[in-house]
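Enquirer: Predicted model, plus sequence, below.
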2 protein chains.
Amino acid sequence: MEKIKTIALELKFNRGKLIFQEGDKGDGFYIVNTGRIKVFKLSLEGKEQILHIYGPGHTFGEVPVFEGKNFPASAMAIEASSIIVLPRDKFVNLITTTPALSMNMLADLSKRLRDFTIQIENLSLKEVPSRLAAYLLTLSQEQKSKSSDQGMNQGISPTKDRGNELKVTLPISKAQLANLIGTTPETISRIFKKMADADLIQVKTKDIFIKDIEGLSELSESGRI
Amino acid sequence: MEKIKTIALELKFNRGKLIFQEGDKGDGFYIVNTGRIKVFKLSLEGKEQILHIYGPGHTFGEVPVFEGKNFPASAMAIEASSIIVLPRDKFVNLITTTPALSMNMLADLSKRLRDFTIQIENLSLKEVPSRLAAYLLTLSQEQKSKSSDQGMNQGISPTKDRGNELKVTLPISKAQLANLIGTTPETISRIFKKMADADLIQVKTKDIFIKDIEGLSELSESGRI
DNA sequence: GTAAAACCTTGATCTGGATCAAGGTACAAA
DNA sequence: TTTGTACCTTGATCCAGATCAAGGTTTTAC
């Protein structure tokens, strides 16, 4: 990391600004410093599928660096963000002279392959209610693990309330959530309602109170609601 | 490759034999020597989604090696196959002492990420006719590039016939093709028929004659049939 | 604090493709 | 050749979720 900082470049992007676009030449390797970005694909009709949402510490845009081709997807800031960019040649140089770094990189790409594997499974083998349940569970895991190194709950850490109720806060709009799990806002809305009717959750704008984590977990694996 | 052979192990699998299963501990790194294998996920109800089909020269099963976790999917021989296995520790050793190899590995994983990106785009932004058209086009590319280093056409090389007609041969059953593009055999059958009615192709068992590569390409990008 | 803009919900309708069911084809083994 | 087995096609029906439409809520910006 220290080495990285000496050759890096910081860029700022406002909410909604494109960082790069599918087809652009891959000019380097990106790290989220602050803010949040989405990596996504657009269809000709304008439908969007989000591939990743990344926050501070995550890297992205490395595929073209190793492969020598163009970006396979686009990236956009979904809130005001500061992004660190390492120019391609400097980064390749760093990697080849630091074996530990290349092992880290291999592990990182492998993790991403695993995540894609799960995303493909979700899209093709599971129905929307299961995907949504799985997303809520993942989110509660993520927010739990972050609650230690992050001071107050600015709505980002899950907090255990009355008994074993668990609060998670959606980090993105419901419309974006729809694009992430491969459905529409209308369907998200309807399924949240069904989940609430089944006493699995309670929705209050961006805060979701998980009332039955067991039931949600069942739903994510197989069930119909 | 020479180095690899001294530490490798050859295994034989008959058609239909499992090579490893989702959740198994990743014990090493696999290379297809001869034959053909599929990497896939199964839902609880038994529905299958194929993630990759690999032939001679392809590697697979490396994700858990770098990540230290279990296989995210299963692998099965779809014809009698010979597979080379490198035990995990020996492979890691080889990688760390051979910088060029790790760069190759990074490029390989990156390519796979790109492929998954396309697969996710197909599953979520395109309809079945487009996916099928795209598959036929990919196949014709693959078979074209192989026709040079492969003698006679055993039904694996595309051959230009009368005018600009192009023949491709399905390397897998139509049922497997359905699992690969995320649909059912019935739907494959119906769409092949529609494509034939539209004079895009002509189907004769496993041989597909592409009669209108332009039209097929249009269909793969946007169209309705 | 208020207005405009973005986002969300709910209802009605539509449709791509899954599922179910019943023959038909083709290849492999004896 | 025959016959068994795996694979494929075609038709009828069904359904999850998309789309269209209209109103409601929340956030942002001045």
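Expert: Perfect, I can see it now.
Enquirer: Identify the residues contacting A:L132.
Expert: Under the criterion of C-beta atoms under 8 Å, 6 or more residues apart in numbering or on different chains, the contact partners of A:L132 comprise A:181, A:188, A:191-192, A:195. All C-beta spots, glycine's among them, are computed from the backbone N, C-alpha and C.
Enquirer: close to chain B, is the helix or strand A:L51 falls within?
Expert: Using DSSP states H and E, A:L51 maps to strand A:48-54. Yes - residues of strand A:48-54 contacting chain B under C-beta under 8 Å from any C-beta of the partner chain: A:49, A:51.
Enquirer: what pairs with the very next helix or strand once past that strand, and is each one parallel or antiparallel?
Expert: Beyond strand A:48-54 on the C-terminal side, the first helix or strand identified by DSSP H and E is strand A:59-60. Applying DSSP bridges, strand A:59-60 is found paired with strand A:28-34 (antiparallel).
Enquirer: Output the contacting helices and strands for the next helix or strand after the partner strand.
Expert: Following strand A:28-34 in sequence order, the next helix or strand is strand A:37-42 (DSSP H and E). Helices and strands in packing contact with strand A:37-42 are listed as strand A:48-54, strand A:74-77, helix B:99-125; criterion 3 or more C-beta pairs under 8 Å, 6 or more residues apart in numbering or on different chains; DSSP states H and E.
Enquirer: please redo it, this time with the cut-off set to 10 Å
Expert: The helices and strands touching strand A:37-42, judged by 3 or more C-beta pairs under 10 Å, 6 or more residues apart in numbering or on different chains; DSSP states H and E, are strand A:18-20, strand A:48-54, strand A:59-60, strand A:74-77, helix A:174-181, helix B:99-125.
Enquirer: in its sheet, what does that strand sit against?
Expert: For strand A:37-42, sheet partners with direction are given as strand A:48-54 (antiparallel), strand A:74-77 (antiparallel), following DSSP bridges.
Enquirer: For it, what does the pLDDT average out to?
Expert: Per-residue pLDDT values over strand A:37-42 give a mean of 94.
Enquirer: Across the sheet, point out what pairs with the spatially most central residue of chain A.
Expert: The structure's chain A has its C-alpha centroid closest to A:I53; by C-alpha atoms, centre = their mean the separation is 2.6 Å. With DSSP bridges as the criterion, A:I53 is bridged to A:K38.
Enquirer: lowest-confidence helix or strand of chain A?
Expert: One helix or strand of chain A scores below all others by mean pLDDT, DSSP states H and E: strand A:160-161, with a mean of 42.
Enquirer: returning to what we had before: adding mean pLDDT and distance to B:V203, write the strands paired with strand A:37-42 out as TSV.
Expert: What follows is the strands paired with strand A:37-42, written out as TSV (pLDDT from 0 to 100; distance: least, C-beta to C-beta, whole Å):
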stretch	mean pLDDT	distance to B:V203
strand A:48-54	95	31
strand A:74-77	93	37
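Enquirer: Next, count neighbours for A:G57.
Expert: 8 (other C-beta atoms under 10 Å in any protein chain shown).
Enquirer: Quick check: it touching A:V32?
Expert: Yes - counting by C-beta atoms under 10 Å, a contact exists between A:G57 and A:V32, whose distance comes to 6.6 Å.
Enquirer: Fine by me, thanks again.
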